[in-house]
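Engineer: Generate a structure from the sequence data that follows.
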Amino acid sequence: MNQMKYPNQTDDVYGIKAVGSKKKTFVLWREVVMAYAAPAIMAGIGGLATADRGLQIGALTTIGGASALMALMIGLLLSSRVGQMRWVIAAPHLVVVGVFALVGSSFGLYAAWVTSVSLEIMIPSNHLAWADRVWIDFPLSGFIASTIVTWRWRLAVTTNFSSKRRRKQ
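Structural biologist: Model prediction:
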């Protein structure tokens, strides 16, 4: 008896859907570059608009540099064992982002204190104008960079985790 083979019409639909859906990946160097570029450009534009020379210089140094450093540190922290801890993956997204935002801004305050103390020891009589900016730039940059990096890392982790879970079922 000769059986007719009918093509499965759903194969093409699923094939197209699989090609279009890509896993979100977390690439640390891209996050660090964006953590430097985005606030440096925005602060630079603000400095140009207000004609504030200190903000223009701070955009390229303390603001962009602190953001990049903070993104690197938080990214390395999340890529290490800390990122594999159960509470980091299981807790609500906003809670994890909030905790790491506080960590980032706290580290920014600590970095500002270390920078101020170090400058006072190295150059006791000379008061540098940009040294006063670190008390605002470092904690704010730490807060923003750690918030964005943690948000994007968490999205990548939960997307990859949920796609693995779907394949197992």
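Engineer: Just want to check the distance between V99 and V33.
Structural biologist: Between V99 and V33 the computed distance is 25 Å (CB to CB, to the nearest Å). Where you see a C-beta, it was placed from the backbone N, CA and C, and this is true even at glycine.
Engineer: per-residue confidence at the residue sitting nearest the centre point of the chain?
Structural biologist: When CA atoms, centre = their mean is applied to the chain, the residue found nearest the centroid is V149 (1.7 Å). On pLDDT, V149 comes in at 93.
Engineer: Next secondary structure after the lowest-mean-pLDDT helix or strand in the chain?
Structural biologist: One helix or strand of the chain scores below all others by mean pLDDT, DSSP states H and E: helix 10-20, with a mean of 44. Next helix or strand after helix 10-20 toward the C-terminus (DSSP states H and E): helix 28-50.
Engineer: taking the mean pLDDT, what do you get for that next one?
Structural biologist: pLDDT averaged over helix 28-50 gives 92.
Engineer: CA atoms of it as PDB?
Structural biologist: The C-alpha trace of helix 28-50 is given here as PDB (Å, rounded to 0.1, in the frame of the first residue of the first chain):
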ATOM      1  CA  LEU A  28      31.500  42.800  30.200                       C
ATOM      2  CA  TRP A  29      33.700  44.800  27.900                       C
ATOM      3  CA  ARG A  30      30.700  46.200  26.000                       C
ATOM      4  CA  GLU A  31      29.100  47.200  29.300                       C
ATOM      5  CA  VAL A  32      32.300  49.000  30.500                       C
ATOM      6  CA  VAL A  33      32.600  50.900  27.200                       C
ATOM      7  CA  MET A  34      29.000  52.000  27.300                       C
ATOM      8  CA  ALA A  35      29.400  52.800  31.000                       C
ATOM      9  CA  TYR A  36      32.200  55.200  30.100                       C
ATOM     10  CA  ALA A  37      30.700  56.600  26.900                       C
ATOM     11  CA  ALA A  38      27.100  57.300  27.900                       C
ATOM     12  CA  PRO A  39      27.600  59.400  31.000                       C
ATOM     13  CA  ALA A  40      30.700  61.100  29.500                       C
ATOM     14  CA  ILE A  41      28.700  62.200  26.400                       C
ATOM     15  CA  MET A  42      25.700  63.300  28.500                       C
ATOM     16  CA  ALA A  43      27.800  65.300  31.000                       C
ATOM     17  CA  GLY A  44      29.800  66.700  28.100                       C
ATOM     18  CA  ILE A  45      26.700  68.000  26.400                       C
ATOM     19  CA  GLY A  46      25.500  69.400  29.800                       C
ATOM     20  CA  GLY A  47      28.900  71.100  30.200                       C
ATOM     21  CA  LEU A  48      28.700  72.600  26.700                       C
ATOM     22  CA  ALA A  49      25.100  73.800  27.200                       C
ATOM     23  CA  THR A  50      25.800  75.500  30.500                       C
END
